[in-house]
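In: Need a 3D model of the sequence below.
(chains A and B)
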Amino acid sequence: MMKYTPQIIEKKWQKYWEENDSYEPDSSHDKPKKYILSMFPYPSGRIHMGHVRNYSISDAISRHYRKNNFNVLHPIGWDSFGMPAENAAIKHNLHPKKWTYENIDYMRSELSSLGLSFSKKREFATSDELYSKFEQEFLIKMFNEGLLYQNTQSVNWCQTCHTVLANEQVVDGCCWRCDNESELKLMPSYSIAITKYAQELHDDLKKLENGWPKQVITMQKNWIGRSEGLEFALEFTDKSKELLDGKFDSFEVFTTRPDTIYGVTYSALAADHEIVNYLIQNNKIPQAAQDRLLKIQNQSERDRNIADKEGVELGLHVIHPFTKEEIPVLVANFVLSSYGSGAVMAVPAHDERDFEFASQYNLPIKTVITPKSGELVTDRAYTEAGLLIDSGEFSGMNSTKAGSSIIYHFEKNSMGKRKVNFKLRDWGISRQRYWGAPLPFIKCDSCGIVPVKKEDLPVTLPKDVKISGEGNPLDNHPTWKYTTCPTCGKDAVKETDTMDTFVQSSWYFLRYVSENLQDKPYNDEDVKYWMGVDQYVGGIEHAILHLLYARFFTKALRDLGYIDIDEPFSNLLTQGMVLKDGAKMSKSKGNTVDPSSIIQKYGADTARMFILFAAPVAKELEWNDSGVEGAFRFIKRFTNRAENVTLNTLPSIDHKSLSKEEKLARKKVYEALKKSNEIYEEGFGFNTLIAASMEALNALNTQSNEKIWSEAYYILTNILEPIAPHICWEIASEKFNLKNFKKLEILEEVFVEDSMKLALTINGKKRAEVEVEKTLSKDEILTLAKEELSSWIDGKNIIKEIYVPNKLVNIVVK
RNA sequence: GCGGACGUGGUGAAAUUGGUAUACACGCCAGACUUAGGAUCUGGUGCCUCACGGCGUGGAGGUUCAAGUCCUCUCGUCCGCACCA
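Out: Residues are numbered from 1 along each chain as shown, chains lettered A, B, ... in the order given. Below is the predicted model of the structure:
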């Protein structure tokens, strides 16, 4: 009897795969390819169950396609820049680089204990200087093409730590490390002009509809926030122009509801609109109003979101473009300067915010849209479409038609134009950090910002660095930043900001397509062959940021002439979280399960099988120790029964001559094979594939035909190999010399049966079951059914008789 | 508030085109083997009922010979966005 000893056989096969380079892709491009990618890990120190789930899924997919004769690329690497390394440096006085690369070594060994079929020769870390070199080349190109720029913008700043905080590092308005309140500060920083691609990023979501989860597409759509409308200028009255010293004649507003334009009763500006700033700087409004404006200006985004509506009168008026009435201009705290033109036309009768604001400040409310049917309500804003009233020549039109007519009118008379606006903002990539990729620019007093010369790349981090948590370590370094200007040769300083780590993860999938080239990031032929990623697997938490940035980078690199694809990830699978006791596993909650201890106790195959069996891949997975035991027991049983295999090849079997049990066993085995072909095409239902395999083993146990056992293991070790590779390699090599690891044909004959089971139902309710020969006619079957069901029919009228072949008979009685 | 997803046994979950609800597993119960069992094997297990039978996929209606599946309304849970004009 084969004894199941995962600790021994798993080591054995891992060593074998390593020594034979079993999972390196072919360098030739002859075969059809599959690029299977799991989101690369941050080397935090140890792997967690989320990693196990992620890589178990991508590994199963990779192994499946490899056996089906695809050339498979399934790489792994490390997203290795980032703040935890600096925090470790502060806390434990470790150099970030040492901490990071030691973590990588440890996690690499943890991952290999899972038996993952990674293409290891392409492994790299994003903190490798070579990777930075190519990335810096991309960034310089972006800079030269105007896709990367520097400006001064408002950032989250911690006064205590003297550093900029990323949005996600501000927790409840406070610095996540020192807990002091974070504030907004104007600082020079680098931004990538992702907004130039807003339209394409929006439009190309259509191309992903079949390959990406709907939810992710929706989230990206919302984030990009495309909206169509009308942009036009509101002109000041002469008196107001005078107040503004003739500096401003008008300002632009944007609306998605041009049909409501006759309902405009006031206009609102953002608190930091340039006109408002002019009024403040030139002392044109009372001190009290200025104070309130400054207060609103300095409010953090978070405070602003929860604040009540607040307005400040400016004493300015504009002229309504149609009615020529004078309407007041105010500052409203809910108007954002970062969206549209930072100013709105306000229609209180048909916009909730405008209504609330108008009620609060006693501004007029003028109804111009009525519902097509039903009563018009006036105690709140009516925001639906309807019919226009009191709207001059547009009265009587419906909203949609009026909207386009009004835009047409504006365009014809050069008063305004159709406009598309996006919520998406440019991507600020400056971080005042040490452990990040340096920005390859030099600041020169005479020449401004100058890219580092190509031959001087990469710009690398200094090794000797003091990381105290205060200030920017690169800026504080005694010598690092001093250099000379590449253009004029005068003294200059290097840029001391480093890049957001999302820059590295925006193109790592391109680096994998070639094997560690030293002189360029990748070969063009390799990109052509391997891209796009056929299956991307990762957590839903990256639904917006990473996936949007990577999509953008792909398009930008395309336009810069580097690559020739539009979208990087053809298919996306977002796995669910791993929970314990109903909550996400986390150290602070103390509900973690360490993958390594599970592997030690049960083996990697058990861990992998449990995690794929316990829930559908996209759903949350509740960790359950008894469930793990169940997976372990199945693998043990599967191993023990292998003793019934006596033939070392696929036997030929005369199906017709088999007993009922034997036929059923074969059918279950081939059903599992069929399932295994289906799930990789659609849905990745590993849970049902494993269930089908369990059913097959249960059915096999009811008979003892050696041929059937041998055939079954020939097939089952093949289809379970992607899930539990070690034990399947062990059994398949022992019994079949691994000859069964290839595409297997489905024998349709095992599904052909001469009899069928029929449910006998009365009014749709199952009352009996019969097994009948398939040769019986419909009438014979109905007669038989009525006999079987006589006790239910007697004394009643039969109204209808329905026979569905292979399924049921339904007799309708009254 | 807006948008999306989802509600099936004690638990995780199955269920082609509408066609036998609860596959598979966990747990539980009983038995076998055993010095022992938290190992292994066998059988049972939706709920109510002694039984006949009845009821069952969040709830209420509807379509249909037939509804977990389709339609309408409703309740609940989760997720995302959240003053974007």
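
In: quick one: low-confidence ranges for chain A?
Out: A:1-2, A:166-179, A:301-302 (pLDDT under 70).

In: In it, where's the longest helix?
Out: Secondary structure of chain A read by DSSP state H shows that its longest helix is helix A:660-681.

In: Can you point out the buried residues in that one?
Out: A:661-673, A:675-676, A:679-680 (16 or more other CB atoms under 10 Å). Quick note: C-beta positions are derived from backbone N, CA and C, even for glycine.

In: now swap in stretch A:20-30 and tell me
Out: Of the residues in stretch A:20-30, those buried by neighbour count under the rule 16+ other CB under 10 Å are A:23-25.

In: same question, stretch A:260-267
Out: A:260-267.

In: Using PDB, write down the CA coordinates of the longest helix of chain A.
Out: Output of helix A:660-681 as PDB, limited to C-alpha atoms (Å, rounded to 0.1, in the frame of the first residue of the first chain):
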ATOM      1  CA  LYS A 660     -23.700  -1.400 -13.500                       C
ATOM      2  CA  GLU A 661     -21.200  -0.300 -10.900                       C
ATOM      3  CA  GLU A 662     -18.400  -0.400 -13.300                       C
ATOM      4  CA  LYS A 663     -20.200   1.600 -15.900                       C
ATOM      5  CA  LEU A 664     -21.100   4.200 -13.300                       C
ATOM      6  CA  ALA A 665     -17.500   4.400 -12.100                       C
ATOM      7  CA  ARG A 666     -16.300   5.000 -15.600                       C
ATOM      8  CA  LYS A 667     -19.000   7.600 -16.300                       C
ATOM      9  CA  LYS A 668     -18.000   9.500 -13.200                       C
ATOM     10  CA  VAL A 669     -14.400   9.500 -14.100                       C
ATOM     11  CA  TYR A 670     -15.100  10.800 -17.600                       C
ATOM     12  CA  GLU A 671     -17.500  13.400 -16.200                       C
ATOM     13  CA  ALA A 672     -14.700  14.700 -14.100                       C
ATOM     14  CA  LEU A 673     -12.400  14.800 -17.200                       C
ATOM     15  CA  LYS A 674     -15.100  16.700 -19.100                       C
ATOM     16  CA  LYS A 675     -15.500  19.200 -16.200                       C
ATOM     17  CA  SER A 676     -11.700  19.700 -16.100                       C
ATOM     18  CA  ASN A 677     -11.800  20.900 -19.700                       C
ATOM     19  CA  GLU A 678     -14.800  23.100 -19.100                       C
ATOM     20  CA  ILE A 679     -13.700  25.000 -16.000                       C
ATOM     21  CA  TYR A 680     -10.500  26.500 -17.500                       C
ATOM     22  CA  GLU A 681     -12.600  27.800 -20.400                       C
END
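
In: contact partners of it?
Out: Outside helix A:660-681, the residues that touch it by CB atoms under 8 Å, 6 or more residues apart in numbering are A:61, A:64-65, A:653, A:655, A:658, A:685-686, A:688-689, A:692-693, A:695-696, A:698-700, A:702-703, A:705, A:708, A:711-712, A:715-716, A:718-719, A:744, A:746-747, A:750-751, A:753.

In: can you do 7 Å?
Out: A:61, A:64, A:655, A:685-686, A:688-689, A:692-693, A:695-696, A:699-700, A:702-703, A:705, A:708, A:711-712, A:715-716, A:719, A:744, A:746-747, A:750-751 (CB atoms under 7 Å, 6 or more residues apart in numbering).

In: From those residues, list just the buried residues.
Out: Burial by neighbour count, judged by 16+ other CB under 10 Å, picks out A:61, A:64, A:685-686, A:689, A:692-693, A:695-696, A:699-700, A:703, A:705, A:708, A:711-712, A:715-716, A:719, A:744, A:747, A:750 from the contacts of helix A:660-681.

In: Disregarding flanking residues, what is the spatial nearest neighbour of whichever residue of the stretch 701-814 of chain A sits closest to RNA strand B?
Out: For the stretch 701-814 of chain A and RNA strand B, the shortest gap (CB to the nearest atom of the strand) falls at A:Gly764, measuring 2.7 Å. Leaving aside its sequence neighbours, A:Gly764 sits nearest to A:Asn810 (CB to CB, 6 or more residues apart in numbering; 6.0 Å).

In: So which bits of the stretch 651-800 of chain A are right by RNA strand B?
Out: A:685, A:687-688, A:690-691, A:694-695, A:698, A:701, A:757-759, A:761, A:763-766, A:769, A:800 (CB under 7 Å from any atom of the strand).
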